[in-house]
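J.: I'd like to go over a predicted model; first the sequence, then the structure.
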Amino acid sequence: MHTINLREDYIKLGQALKAAGLVNSGVEAKIVILEGEVKVNGNVETQRGKKLFSGDIVSYNGEEIKIS
């Protein structure tokens, strides 16, 4: 599991995928999110700008990211 420590109140979903190294670019993040391949707290999320807060869990391609 990857962990992202917030420096501000939140991080956007696309940024989190990129920061964790699960995608190579913002464009790739946008594509996998729009195709419904990413889950936030167990629910499919299609908004790239979805705000993630401490405690959220992102799942993609068999990997998880914990926001803390």
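T.: Good, I have the coordinates. Numbering: from 1, shown residues only.
J.: Ala19 and Ala29, how far apart?
T.: Separation of Ala19 from Ala29 (Cβ to Cβ, to the nearest Å): 10 Å. C-beta: built from backbone N, CA, C; applies to glycine.
J.: who has more neighbours, the two?
T.: Ala29 (22 against 13; other Cβ atoms under 10 Å).
J.: so what's the more buried one up against?
T.: 13-15, 17-18, 23, 48 (Cβ atoms under 8 Å, 6 or more residues apart in numbering).
J.: do Ser54 as well
T.: Ser54 neighbours (Cβ under 8 Å, 6+ apart): 6, 67-68.
J.: nearest to Tyr60, of these?
T.: Proximity of the contacts of Ser54 to Tyr60 (Cβ to Cβ) peaks at Ile67, which lies at 13.4 Å.
J.: number of residues surrounding that closest one?
T.: Under the criterion other Cβ under 10 Å, the count of neighbours that Ile67 has is 21.
J.: and it, how close does it get to Val27?
T.: 22 Å.
J.: ramachandran coordinates for Ala19?
T.: The phi/psi pair for Ala19 (degrees, to the nearest 10) reads phi -60, psi -30.
J.: so it touches Leu6, yeah?
T.: No: at 10.6 Å, Ala19 does not count as touching Leu6 under the criterion of Cβ atoms under 8 Å.
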